[in-house]
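Student: Can you look at this prediction? I've put the sequence above it.
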Amino acid sequence: MKAELLLRHLDDGTLWPAGCGLDVGEAYERALTVRQLRIHRGEQPRGYKVGFTNRTLWERYGVYAPIWGTVWNTTLSFCEGEGEIALAGTCQPRIEPECVFGLKATPPARATLDQLLACVEWIAPGFEIVQSHLKDWKFTAADTVADSGLHGRLLVGRRIPVEALPRDGAGFDAQLAAARITLFKGDDRIDQGTGANVLEGPLHALAHFLSALRDCPGAPDLLPGDVVTTGTWTDAWPVHRGEQWRAAFDPPLAPLSVRFA
């Protein structure tokens with residue numbers, strides 16, 4: 001599928017008639033072409049989303065390795081605990097509670113956890129709104145890559161400076177890995193998960209992503225100011241306009257709620 005057609009489906013929120021017909025390497029090339037088309041029309045990259053870091057979901061969706069896509073100024077929003085997301089233009093949207101990192105520096109090559117943590121300015125809870133342009137969420141790994149990493153929207157909650165947390169990388173990641181989250185729709189408890197679900201911990205997920213990004217020909221590196229959301233702690237759940245969802249994270253992450261318009 002051509003990049004211009006992929007972008008049209010992204011803009012219109014419409015289903016693809018069939019899969020992309022590419023292998024994973026070709027799909028990243030196509031996704032990077034879509035990225036350039038979006039930049040040329042005035043959109044600004046704001047970082048990356050990392051998907052399928054939660055191994056408990058691999059069998060269910062038939063994708064057995066993490067993927068990534070670009071986050072945009074048009075898809076990213078911030079709040080202090082309660083936010084709103086417009087679902088117009090999304091396709092079969094689902095919600096994922098995640099840990100988001102804000103970068104203050106570009107990590108060095110082959111960064112250790114300590115070096116990676118030194119490049120992080122803040123962490124925050126996030127709701128990644130993922131989408132699929134293939135009917136009933138039936139896709140291949142290459143389809144998810146060509147589909148811009150399934151990224152639709154990202155709401156980032158209260159940002160916590162890393163200075164308030166353990167300063168060594170292993171201790172920092174262990175604290176996040178042990179944290180739990182309960183996901184609610186209204187007053188109904190929908191799902192539970194832990195930070196360890198994402199490749200043993202969000203900082204590990206960030207390290208894995210950094211390596212994958214730098215192995216991808218033509219992919220731009222992480223930059224100061226980028227945000228990276230590191231993968232869902234629960235399953236991804238369908239959402240609709242008018243619903244209110246909230247995530248009760250253990251410390252150090254703050255609670256986060258969202259209303260869909």
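Tutor: Cool, got the structure. Owing to the predicted nature of the structure, the values given are computational and were not obtained by experimental measurement.
Student: Okay, helices next: where are they in the stretch 51-200 of the chain?
Tutor: 58-61, 113-118, 141-146, 169-178 (DSSP state H, counting those that start in this stretch).
Student: distance between the last one and the chain's centre?
Tutor: In terms of Cα atoms, centre = their mean, to the nearest Å, the gap separating the centre of helix 169-178 from the centre of its chain is 19 Å.
Student: do the second one as well
Tutor: The chain centre lies 20 Å from the centre of helix 113-118; the measure is Cα atoms, centre = their mean.
Student: I'd like the average pLDDT over it.
Tutor: Averaging pLDDT along helix 113-118 yields 95.
Student: Check which helices and strands that helix sits against.
Tutor: Applying 3 or more Cβ pairs under 8 Å, 6 or more residues apart in numbering; DSSP states H and E, one finds that helix 113-118 contacts helix 169-178, helix 202-215. Where you see a C-beta, it was placed from the backbone N, CA and C, and this is true even at glycine.
Student: again, 10 Å this time
Tutor: Other helices and strands packing on helix 113-118, by 3 or more Cβ pairs under 10 Å, 6 or more residues apart in numbering; DSSP states H and E, are strand 94-103, helix 169-178, helix 202-215.
Student: between these, which gets nearest to residue 21?
Tutor: Set against residue 21 and scored by Cβ to Cβ, the helices and strands packed on helix 113-118 come closest in helix 202-215, at 22.6 Å.
Student: With just CA atoms, put that closest one into CSV.
Tutor: Written as CSV, here are the backbone C-alpha positions of helix 202-215 (Å, rounded to 0.1, in the frame of the first residue of the first chain):
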residue,chain,number,x,y,z
PRO,A,202,9.5,0.5,31.5
LEU,A,203,13.1,1.5,31.5
HIS,A,204,14.0,-1.8,30.0
ALA,A,205,11.3,-1.2,27.4
LEU,A,206,12.9,2.2,26.6
ALA,A,207,16.3,0.6,26.3
HIS,A,208,15.0,-2.0,23.9
PHE,A,209,13.2,0.7,21.8
LEU,A,210,16.4,2.8,21.6
SER,A,211,18.3,-0.2,20.2
ALA,A,212,15.5,-1.0,17.7
LEU,A,213,15.2,2.6,16.6
ARG,A,214,19.0,2.9,15.9
ASP,A,215,18.9,-0.4,13.9
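Student: which is the next helix or strand following it?
Tutor: Later in the chain than helix 202-215, the nearest helix or strand by DSSP states H and E is strand 227-232.
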